[in-house]
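1. I'll drop the sequence and a predicted model, then ask my questions.
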Amino acid sequence: MKTYLVGGAVRDAMLGLGVKDRDWVVVGADARQMEAEGFKAVGRDFPVFLHPKTREEYALARTERKSGHGYTGFEFHAAPDVTLEEDLLRRDLTINAMAMDESGQLIDPYQGARDLENRCLRHVSAAFAEDPLRVLRVARFCARYHHLGFHIAEETQALMGAMVESGELAHLVPERVWQETLSALGEPDADHYFKVLSDCGALGVLMPEIEVALERLQQLPLRALRLAQEQALPSLHRFALVSLQSLAATEEDCTALQRLAERLRVPQEFRELALMFNRHLPELHQPASQAESLWQLLEQLDGLRRPQRLQQLLECARLLGELLQCSSLPTSVLGLLEQARSIDARALMQQGIQGAALGEALRQRRIELARQWIEQQPRQGASHG
């Protein structure tokens with residue numbers, strides 16, 4: 001029974017990056033031996049165990065055979081006679097198919113170290129084509145390592161295109177597509193995730209709404225995404241920006257975005273921000289000059305109840321305004337909402353104002369605050385952009 005450190009931990013250590021998670025492969029053992037050593041079985045599809053002290057994952061060396069469609073359509077064989085080289089052969093990229101033994105000796109049967117030095121993402125074997133999820137994983141690795149100079153090998157790029165043409169990507173579970181996309185949005189070069197998917201044809205299959213918008217807007221959403229990366233905006237903002245359908249979205253555009261969000265099971269928070277950003281972008285980029293229309297917009301954006309989401313919308317609008325060199329509603333409008341929330345409705349009721357008249361009185365006072373806020377902007381040196 002021998003254990004080897006494998007995969008991303010070896011890769012990132014060789015790149016001089018911090019190693020967050022360590023995965024291990026066990027050769028020459030079976031499940032009974034692992035449990036006798038105190039390991040706890042946790043894998044449902046294939047034998048994976050948690051170390052009794054470190055809680056790190058140890059998987060029995062295994063081979064796999066394609067038995068169906070998608071990334072779940074595999075049969076696994078784990079036995080003491082499966083070699084480390086056979087286990088590494090089933091992995092996606094050569095830079096992920098390296099191992100280290102207990103003495104720190106590198107085992108590299110598929111020249112992963114060479115590709116690592118050459119900054120090349122290359123598939124290990126033809127078995128790469130059996131798992132459509134690997135197309136997304138390669139795109140995500142590009143988003144993670146592009147700033148280090150990594151590129152996709154020509155033969156791997158061609159294979160990814162062939163996988164798209166085969167129709168295999170249609171069998172991907174929507175939740176996994178979103179999971180990979182969400183992970184990519186948090187990477188240093190998230191825009192390259194979408195570029196890679198577009199280049200191999202996968203974006204048009206999995207997210208055609210984004211593909212169409214990229215062409216219509218001449219790659220503006222990707223340029224916005226890159227600026228969001230440079231300004232360290234969260235993934236929530238990044239999704240709203242890359243999901244931009246139009247600078248003046250129609251109901252058809254919003255329906256397309258809603259269709260994308262429902263298909264990929266996009267979480268509600270991400271879905272709502274992206275939809276509101278598309279629906280209200282023109283108003284967010286108009287100078288606030290009329291108090292009543294400004295307050296009407298803040299009501300439409302549910303600013304009183306959801307100030308945090310309004311701030312997120314304003315941040316997205318500001319960033320896009322930088323690219324388009326146009327004005328946008330400043331985040332200082334959040335101060336106006338604070339003032340509006342502080343209006344004492346009880347004082348109005350004590351004056352005998354009740355029912356619908358109370359609601360109208362509150363509204364008029366809020367509009368008056370909006371008028372004062374607009375008048376103060378030049379004196380404060382703030383612009384509406």
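-> Everything's here; your move.
2. contacts for stretch 132-140?
-> Defining contact as C-beta atoms under 8 Å, 6 or more residues apart in numbering, one finds that stretch 132-140 is touched by 70-71, 92-93, 121, 123, 128, 152, 156, 160, 163-164, 168-169, 171-172, 176-177, 180-181, 183-184, 187, 192-194, 196-197, 200, 202. No exception for glycine: its C-beta is placed from N, CA and C like everyone else's.
3. out of these, which sit inside helices?
-> 156, 160, 163-164, 176-177, 180-181, 183-184, 192-194, 196-197, 200, 202 (DSSP state H).
4. what is the least confident helix or strand in the protein?
-> Sorting the helices and strands of the chain by mean pLDDT, DSSP states H and E puts strand 74-78 at the bottom, at a mean of 74.
5. partner strands of that one, with direction?
-> If you go by DSSP bridges, strand 74-78 pairs up with strand 62-66 (antiparallel).
6. and the strand it pairs with, C-alpha only, in PDB?
-> What follows is strand 62-66, C-alpha atoms only, in PDB (Å, rounded to 0.1, in the frame of the first residue of the first chain):
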ATOM      1  CA  ARG A  62      -8.800   3.400 -10.400                       C
ATOM      2  CA  THR A  63      -9.500   3.100 -14.100                       C
ATOM      3  CA  GLU A  64     -12.700   4.200 -15.800                       C
ATOM      4  CA  ARG A  65     -14.800   3.100 -18.800                       C
ATOM      5  CA  LYS A  66     -17.300   5.200 -20.700                       C
END
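7. next one: that strand to chain centre, how far?
-> A distance of 29 Å separates the centroid of the chain from that of strand 62-66, by C-alpha atoms, centre = their mean, to the nearest Å.
8. one more: stretch 137-148?
-> That offset, for stretch 137-148, works out to 13 Å (C-alpha atoms, centre = their mean).
9. shaky segments in this protein?
-> Confidence mapping of the chain against pLDDT under 70 gives the ranges 43-46, 66-74, 378-385.
10. quick check: longest helix of this protein.
-> helix 355-379.
11. now that one: buried residues?
-> Burial within helix 355-379, assessed by neighbour count using 16 or more other C-beta atoms under 10 Å, is assigned to 361-362, 365-367, 369-370, 373-374, 377.
12. which outside residues touch the next helix-or-strand element following the least confident helix or strand of the chain?
-> Using DSSP states H and E, the helix or strand that follows strand 74-78 in sequence is helix 84-89. For helix 84-89, contacts defined as C-beta under 8 Å, 6+ apart pick out 2, 4, 6, 25, 27, 61-63, 97-99, 107, 109-110, 124-125, 127.
13. mind running it again at 7 Å?
-> 4, 25, 27, 61-63, 97, 99, 107, 109-110, 124-125 (C-beta atoms under 7 Å, 6 or more residues apart in numbering).
14. would you mind giving those as TSV with distance to Ser246, secondary structure and neighbour count added?
-> TSV is the format used below for the contacts of helix 84-89 (distance: C-beta to C-beta, whole Å; DSSP: H, G, I helix; E, B strand; the rest coil; neighbours: other C-beta atoms under 10 Å):
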residue	distance to Ser246	secondary structure	neighbour count
Tyr4	52	strand	23
Val25	49	strand	21
Val27	55	strand	19
Ala61	52	coil	26
Arg62	48	strand	17
Thr63	49	strand	17
Ala97	44	coil	28
Ala99	49	strand	24
Ile107	52	strand	17
Pro109	51	coil	16
Tyr110	46	coil	21
Val124	42	coil	21
Ser125	43	coil	14
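15. neighbours around the closest residue to Glu180 other than its chain neighbours, how many?
-> Leaving aside its sequence neighbours, Glu180 sits nearest to Leu136 (C-beta to C-beta, 6 or more residues apart in numbering; 4.1 Å). Look at Leu136: counted by other C-beta atoms under 10 Å, it has 25 neighbours.
16. got it, and the one 10 residues further on?
-> The tally of other residues near His146 (other C-beta under 10 Å) stands at 20.
17. that one against Asp191, yeah?
-> No: if you go by C-beta atoms under 7 Å, His146 and Asp191 don't touch, sitting 8.9 Å apart.
18. could you report the distance from Phe128 to Val138?
-> According to C-beta to C-beta, to the nearest Å, Phe128 and Val138 sit 9 Å apart.
19. the two - which one has more neighbours?
-> Set side by side, Phe128 and Val138 show more neighbours around Val138, with 27 against 21, by other C-beta under 10 Å.
20. quick one, strands of the stretch 101-250 of the chain?
-> 106-107, 120-121, 151-152 (DSSP state E, counting those that start in this stretch).
21. for Glu35, which of those strands is the nearest?
-> Among those, strand 106-107 comes nearest to Glu35, with 26.3 Å by C-beta to C-beta.
22. does anything pack onto that closest one? Which helices or strands?
-> strand 99-100 (3 or more C-beta pairs under 7 Å, 6 or more residues apart in numbering; DSSP states H and E).
23. paired strands for the strand it packs on, with orientation please.
-> With DSSP bridges as the test, strand 99-100 pairs up with strand 2-6 (antiparallel), strand 106-107 (antiparallel).
24. what's near enough to touch Leu227?
-> Contacts for Leu227 (C-beta under 7 Å, 6+ apart) come out as 319, 322-323.
25. what separates it from Leu185, distance-wise?
-> Separation of Leu227 from Leu185 (C-beta to C-beta): 14 Å.
26. could you do Leu301 as well?
-> For Leu301, the distance to Leu185 equals 23 Å [C-beta to C-beta].
27. now Glu86
-> For Glu86, the distance to Leu185 - C-beta to C-beta - is 35 Å.
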